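Novice: One predicted model, sequence on top.
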Amino acid sequence: MTKNIEKNIAITGTGLFVPPCAISNEQLVNSYNGYAEQFNADNAEAIENGDLEAMEMSDVAFVEKASGIKNRYMMEGEAVIDPALLRARLSKEADDDIYGEPVSLKMSLGAAREAMEQANISGEDIDLVIFSSSVWERIVPSIACEIQNKLGTKGFAYDMAMGCSSATFGMSAAMDAIISGMASRVLVITCEYITPLMNHRDRDSHFIFGDAAVAMIVEDESISQAPNPFRVISRKLFTDFSKNIRAGFGTRMMAEEGDDVMENPDWRFSQSGRTVFRELIPAVINHVKTHLSDEELEVSDLRRMWLHQANIHMNQMAGRKLLGEEPTMDTSPVILDEFANTAGAGVIIAFHKHRADFKPGEVGVICSFGAGYSIGSLLVKRI
Ligand SMILES: CC(C)(COP(=O)(O)OP(=O)(O)OC[C@H]1O[C@@H](n2cnc3c(N)ncnc32)[C@H](O)[C@@H]1OP(=O)(O)O)[C@@H](O)C(=O)NCCC(=O)NCCS
C-alpha cells in the first residue's frame with residue numbers, strides 16, 4: 001500500500017455518460033426466447049435425434065432474483081434485442097469508422113466534460129489522461145491520446161486495464177503520477193463499451209452487462225478549485241490470478257484456424273458465477289478490513305461503502321459481513337438495478353450518484369472487485 005506521504009490528493013469531480021438505449025429484462029428475455037424458439041424449431045430434427053441440444057428459455061423472474069438487475073443501458077440496444085441478431089451492431093448510418101469517431105470516444109468525452117465542470121477546470125488544466133477500462137474498442141492508437149487531443153489536455157496520456165477494478169487501479173496510477181511529480185491534475189476515464197463482447201445467445205450471461213462511461217478528476221489538493229472535494233486517505237490494491245471470469249478476445253483470434261472465428265464462444269465473456277461469488281467475497285471482506293486497520297480506522301468510522309456493482313447478493317453479503325447489519329441504500333448504495341454490471345464503471349456510478357450528502361470529515365470506502373481477480377479500494381474523506 002502507498003500512502004499519500006508528501007501530498008494530499010483529492011477526487012474533485014466525477015462524470016457519467018449514460019448510453020441512449022434503456023433495455024428492460026422483459027425486452028432482453030423476450031428477444032432471447034424468440035431467438036431460442038426459432039433455433040429449436042429450425043433444428044427440431046437434430047434435437048429430436050440427440051445431435052443438438054435444445055436452447056433453454058430465459059426467465060425474467062430468474063434474472064431479477066439471481067442478480068438484482070432490472071434494466072441496463074446500451075449503445076446499440078436495438079440490435080441486441082433484435083432476435084435475428086442478438087448482438088451489438090453499429091447502424092449502417094454510422095459514417096465514421098473506428099479511427100474516425102470511436103464509440104468509446106463519444107462516451108468518454110460525455111463523462112469527462114461533466115467531471116471537469118464539477119472540478120472547475122478546462123482541458124488545458126489537465127496534464128495526464130488515463131483511459132482505464134476492462135475493454136478497449138481498438139488497440140492502437142491509444143483512445144487516451146485521442147481524448148487528450150479532443151479536450152486539449154497537456155502532458156501525456158495512456159491506456160490501461162484491470163477488469164472490474166479498472167477505475168480504482170486507474171485512480172491509483174493517477175496518484176502515483178502526482179506523488180512522483182509527473183503530473184498534478186489527472187483525468188481518469190473508465191469507459192465500458194462492453195455489450196459487444198457479450199454473447200447475448202448465452203442464457204447464463206445474456207442479462208449481466210450494460211454500457212456506461214465514468215470520469216474522475218484526481219488532483220493535487222493544493223491546486224484544487226473545487227468546493228469540498230474528497231481527499232484520498234489511502235488506497236490498497238490486490239490481485240490473485242483466476243480464470244473464473246474470462247473473455248479471450250485478443251490478437252490470438254486472428255491466428256485461429258477456420259473462418260468462423262466470431263462464432264467461437266471463447267472470445268466472449270463467460271464466468272463461473274457461483275465460484276466467483278464464493279471466492280471473491282471473503283477476499284473483499286478481508287481486503288476492506290485490512291485497509292481500515294492499516295489506517296487505524298474501524299468499520300464504524302465509515303459513513304458509506306461504494307461497492308462494485310455486479311450482483312445484489314454479493315453486495316448484500318459483503319455489506320452484512322462488514323457492517324454487521326443489513327446494508328441499506330444509505331450505507332451501501334445500489335445502482336446495478338438500473339445500470340446492470342458496468343464492469344469498472346459501476347463503483348464510480350455509485351459514488352457519483354450517492355455522495356452529495358456527505359459532510360466535511362465523513363469517511364467512506366470506494367471498493368471494486370472482479371476479473372483478475374482484482375480488488376481495489378480507496379478510503380476517502382470529504383474535506
Ligand atoms: C451469474 C449469476 C447471476 C447466476 O446466479 P446463480 O444463482 O448463481 O445461478 P446459477 O448459475 O447457479 O443457475 C441456477 C439455475 O438457473 C438456471 N439459469 C441460468 N440462467 C438462467 C436464465 N437466464 N433464466 C432462467 N434460468 C437460468 C441455471 O441453468 C441453473 O439451473 P439448474 O439449477 O437446473 O442447473 C450469479 O452467480 C452471479 O452474479 N455471480 C457473481 C458473478 C460476478 O459478479 N462476477 C463478476 C463479474 S465482473
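Specialist: Everything's here; your move. Bear in mind that the values here come from a model prediction, so they are computed numbers and not experimental data.

Novice: got the end-to-end distance for stretch 368-383?
Specialist: End-to-end distance of stretch 368-383 (CA to CA, to the nearest Å): 23 Å.

Novice: May I see the buried residues of it?
Specialist: Using 16 or more other CB atoms under 10 Å as the test for burial, stretch 368-383 gives 368-382. Every C-beta, even on glycine, is put in place using the N, C-alpha and C of the backbone.

Novice: How about stretch 9-16?
Specialist: 9-16.

Novice: Do me a favour and average the pLDDT over it.
Specialist: For stretch 9-16, mean pLDDT is 98.

Novice: what's the answer for stretch 218-234, then?
Specialist: 96.

Novice: now the helices for the stretch 251-383 of the chain?
Specialist: 273-294, 312-323, 336-339, 346-353 (DSSP state H, counting those that start in this stretch).

Novice: Spell out, range by range, the helices that occur in the stretch 1-150 of the chain.
Specialist: Secondary structure of the stretch 1-150 of the chain (DSSP H, counting those that start in this stretch): helices at 25-42, 44-48, 60-67, 77-80, 103-119, 143-151.

Novice: now those in JSON lines, with mean pLDDT?
Specialist: What follows is the helices of the stretch 1-150 of the chain, written out as JSON lines (pLDDT from 0 to 100):
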{"stretch": "helix 25-42", "mean pLDDT": "97"}
{"stretch": "helix 44-48", "mean pLDDT": "97"}
{"stretch": "helix 60-67", "mean pLDDT": "98"}
{"stretch": "helix 77-80", "mean pLDDT": "93"}
{"stretch": "helix 103-119", "mean pLDDT": "97"}
{"stretch": "helix 143-151", "mean pLDDT": "97"}
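
Novice: which one of those lies closest to the ligand?
Specialist: helix 60-67 (3.7 Å; CB to the nearest ligand atom).

Novice: who does the closest one touch, helix- and strand-wise?
Specialist: helix 25-42 (3 or more CB pairs under 8 Å, 6 or more residues apart in numbering; DSSP states H and E).

Novice: From residue 279, how far off is the residue in the stretch 201-350 of the chain that the ligand sits nearest to?
Specialist: In the stretch 201-350 of the chain, no residue comes nearer to the ligand than residue 273, which is 2.6 Å away by CB to the nearest ligand atom. Noted for residue 273: a distance of 11 Å to residue 279, by CB to CB, to the nearest Å.

Novice: Name the residue in the two with the higher neighbour count.
Specialist: residue 273 (18 against 14; other CB atoms under 10 Å).
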